[in-house]
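>>> Prediction below, plus the sequence it came from.
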Amino acid sequence: MKLKYLLLILPILFWLGCEETAEDCTTLTQTMTEASAALAGAIISGDDATSECTEAKAAYKAGLDAGCDGYNQADYDAYGNDCGAVCMSLLNIASDAIMAYANNMSDANCEAASNAIQAVIDGGCDTIDEDPANGIGDMEDSQGDLPCTPECTSDANCVALYGDDYICDLYFGYCVLDMSDNNECFSDSDCVNLHGPGYECDFWENAYGGTDSRCVLYGCTDPEASNYNSDAEINDGSCYHDVLTDIDGNEYHAVQIGDQLWMKENLKVTHYRNGDEIPTGYSNEEWINLSTGAYAVYLDDESNADTYGYLYNWYAVDDSRNIAPEGWHVPTDDELSILASIASGKALKEIGFEHWEDPGEEYHQYYEGLDIYGFTGLPGGSRSGSSGGYGSMGLYGNFWSATADSSYSAAAWWWTLRANFSGFDRGLSGVSYNNGGSIRCVKD
């Protein structure tokens with residue numbers, strides 16, 4: 001902004017008297033100053049300033065001829081032969097008017113300062129104040145800086161004029177660089193609340209050493225992928241191109257998470273890969289005493305399988321006839337550990353509470369699923385290996401690994417998503433082979 005430079009304009013008060021005739025020079029300078037002020041006032045008022053110009057020019061000439069310090073031929077020449085523009089006086093008046101406005105920012109002072117600046121411009125003096133040696137900025141810019149001729153009335157005006165880094169100083173009415181931090185969000189939850197699922201808070205360092213942030217939509221940005229999202233700005237690794245089919249003809253979508261390709265629905269196959277049936281329909285007593293593969297449907301209600309798939313005991317997982325579709329397999333404990341290292345439970349769970357039990361609105365920010373990668377983890381519950389009973393649908397999603405727990409007999413690892421927990425983990429020990437859990441396969 002150039003306004004501050006105008007405040008540095010020193011009135012042409014050539015108070016430095018001559019070394020030998022100090023008193024004479026003081027008198028001459030006072031006369032010159034008064035004559036110049038009278039001339040500038042006449043010009044600003046639009047009056048005929050011929051006589052005032054003649055007097056001001058003569059007063060300056062007297063000081064110059066007397067050899068008083070501070071007088072020079074170049075300044076004298078600025079009066080012009082026809083006294084049409086006395087730049088020294090006009091600049092002096094403009095400086096005083098601007099100083100008055102700085103001390104009292106009233107509408108009247110603003111108008112007076114603007115008129116004084118306009119007189120400098122109309123007098124053809126706006127080239128003198130651009131001289132770098134004077135340390136003064138462009139007079140027209142300074143006039144534009146005054147709020148009585150506002151450059152802007154909103155940040156949008158400044159963005160349109162100068163770009164995203166500018167905002168409107170509403171007090172002064174001009175555009176300034178935005179030196180502050182601009183933060184739309186402070187956490188991913190802020191973005192989900194503001195814009196909906198899939199948005200995350202993205203941070204970066206601004207040009208002034210601060211931190212800015214905004215909400216960014218993550219999703220699949222590959223136009224060739226099955227789940228391409230044209231609104232997504234950043235690829236979250238969720239793109240998938242495969243639709244796999246099990247031996248029963250059930251279709252599953254695949255989702256890329258890191259270097260792994262996962263099924264995004266729970267398995268609901270009823271035959272091994274070779275076509276052999278997987279037995280089902282066992283009573284509680286029969287279920288807990290099995291030593292071969294089997295599956296169950298939660299509460300024996302087939303409609304639950306449409307959403308959550310079937311619950312399989314670990315014998316079915318470990319069967320050499322293969323329960324997974326061709327080209328896929330039940331993940332090992334290590335593969336599930338890799339998945340957990342990439343994605344939290346919140347990131348893997350289905351969004352909302354259609355299937356997950358609602359822990360209460362005050363806990364949504366901690367436990368609600370974000371489904372960032374498209375895994376859409378569901379709480380399919382389990383069937384007990386000790387009682388044969390069903391439980392925890394809506395509360396837990398238990399996913400088998402293909403890895404037995406070598407520390408215990410007839411126990412294997414499964415990993416769990418919970419309604420009231422943000423993680424994805426396994427217990428300190430394996431669970432009984434006779435437990436019934438969900439299966440998510442991973443590509444070979």
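Yep, it's here.

>>> tell me the contacts of E251?
By Cβ atoms under 8 Å, 6 or more residues apart in numbering, the contact list for E251 reads 243-245. Placement of C-beta: from N, CA and C, glycine included.

>>> List the buried residues of stretch 425-441.
Burial within stretch 425-441, assessed by neighbour count using 16 or more other Cβ atoms under 10 Å, is assigned to 426, 430-441.

>>> can I get the CA coordinates of it in PDB?
Included here for stretch 425-441 are C-alpha records, laid out as PDB according to Å, rounded to 0.1, in the frame of the first residue of the first chain:
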ATOM      1  CA  ASP A 425      -7.600 -55.800  16.000                       C
ATOM      2  CA  ARG A 426      -7.400 -59.400  17.200                       C
ATOM      3  CA  GLY A 427      -7.500 -60.700  20.800                       C
ATOM      4  CA  LEU A 428      -4.600 -61.900  22.900                       C
ATOM      5  CA  SER A 429      -5.400 -65.500  22.000                       C
ATOM      6  CA  GLY A 430      -7.200 -67.300  19.300                       C
ATOM      7  CA  VAL A 431     -10.800 -68.400  19.400                       C
ATOM      8  CA  SER A 432     -12.300 -71.900  19.100                       C
ATOM      9  CA  TYR A 433     -12.500 -73.500  15.700                       C
ATOM     10  CA  ASN A 434     -16.200 -74.000  16.400                       C
ATOM     11  CA  ASN A 435     -17.000 -70.300  16.600                       C
ATOM     12  CA  GLY A 436     -18.900 -69.000  13.600                       C
ATOM     13  CA  GLY A 437     -17.500 -65.800  12.000                       C
ATOM     14  CA  SER A 438     -17.600 -63.800   8.800                       C
ATOM     15  CA  ILE A 439     -15.000 -64.100   6.000                       C
ATOM     16  CA  ARG A 440     -13.500 -61.500   3.700                       C
ATOM     17  CA  CYS A 441     -11.300 -63.000   1.000                       C
END
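
>>> Tell me how far it lies from the chain's centre.
41 Å (Cα atoms, centre = their mean, to the nearest Å).

>>> And stretch 290-307, by the same measure?
46 Å.

>>> Stretch 162-176 now?
Remark: stretch 162-176 is offset 20 Å from the chain centroid, using Cα atoms, centre = their mean.

>>> Stretch 283-302 now?
51 Å.

>>> Check the separation of the first and last residues in it.
Stretch 283-302 stretches 16 Å from its first residue to its last (Cα to Cα, to the nearest Å).

>>> buried ones in that stretch?
Buried residues in stretch 283-302, counted by 16+ other Cβ under 10 Å: 287-288, 290, 293-298.

>>> so who does the spatially closest residue to D405 that is not a sequence neighbour touch?
Excluding the flanking residues, the one nearest D405 by Cβ to Cβ, 6 or more residues apart in numbering is G430, at 2.8 Å. Contacts for G430 (Cβ under 8 Å, 6+ apart) come out as 404-405, 407-408, 411-414.

>>> rerun that using 10 Å as the cut-off
314, 333, 401, 403-414 (Cβ atoms under 10 Å, 6 or more residues apart in numbering).

>>> Now, these that are in strands?
Using DSSP state E, the members of those that fall within strands are 401, 403-404, 411-414.

>>> Now tabulate those residues in CSV and tack on distance to A343, neighbour count and pLDDT.
Formatted as CSV, those follow (distance: Cβ to Cβ, whole Å; neighbours: other Cβ atoms under 10 Å; pLDDT from 0 to 100):
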residue, distance to A343, neighbour count, pLDDT
S401, 16, 24, 97
T403, 19, 22, 96
A404, 25, 18, 94
A411, 26, 18, 94
A412, 22, 24, 96
W413, 18, 22, 96
W414, 17, 24, 95
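
>>> Which member of the residues you listed is positioned nearest K268?
Nearest to K268 out of the ones in strands among the contacts of G430 is W414 (Cβ to Cβ; 17.5 Å).

>>> Would you map the strands across the stretch 301-444 of the chain?
In the stretch 301-444 of the chain, the strands defined using DSSP state E, counting those that start in this stretch lie at 311-312, 328-329, 380-383, 390-393, 396-404, 411-418, 424-426, 431-432, 442-443.

>>> List the contacts of the first one.
Residues external to strand 311-312 that are found in contact with it (Cβ under 10 Å, 6+ apart): 266-269, 278, 280, 293-298, 304-305, 319, 323, 330, 380-383, 390, 393, 398, 400, 435-439.

>>> Out of the buried residues of stretch 283-302, which is nearest to L28?
The shortest gap between L28 and any of these belongs to Y298, at 106.8 Å (Cβ to Cβ).

>>> Count the neighbours of the closest residue to that closest one other than its chain neighbours for me.
Closest residue in space to Y298, ignoring its immediate chain neighbours: N304 at 4.2 Å, by Cβ to Cβ, 6+ apart. Using other Cβ atoms under 10 Å, the number of residues around N304 comes to 18.

>>> Ok, C185 next?
Neighbours of C185 (other Cβ under 10 Å): 21.

>>> could I get the strands of the stretch 301-444 of the chain as TSV with distance to S341?
Converted to TSV, the strands of the stretch 301-444 of the chain look like this (distance: least, Cβ to Cβ, whole Å):
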stretch	distance to S341
strand 311-312	25
strand 328-329	20
strand 380-383	23
strand 390-393	25
strand 396-404	15
strand 411-418	12
strand 424-426	10
strand 431-432	22
strand 442-443	14
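
>>> What does the pLDDT read for the spatially closest residue to C185 that is not a sequence neighbour?
Ranked by Cβ to Cβ, 6+ apart and with sequence neighbours excluded, the top spatial neighbour of C185 is C201, at 4.0 Å. If you check C201, the pLDDT there is 89.

>>> Confirm that C201 sits in a strand.
Yes - with DSSP: H, G, I helix; E, B strand; the rest coil as the criterion, C201 is assigned to a strand.

>>> just checking, it touches T211?
No - counting by Cβ atoms under 10 Å, C201 does not reach T211; the two are 11.1 Å apart.
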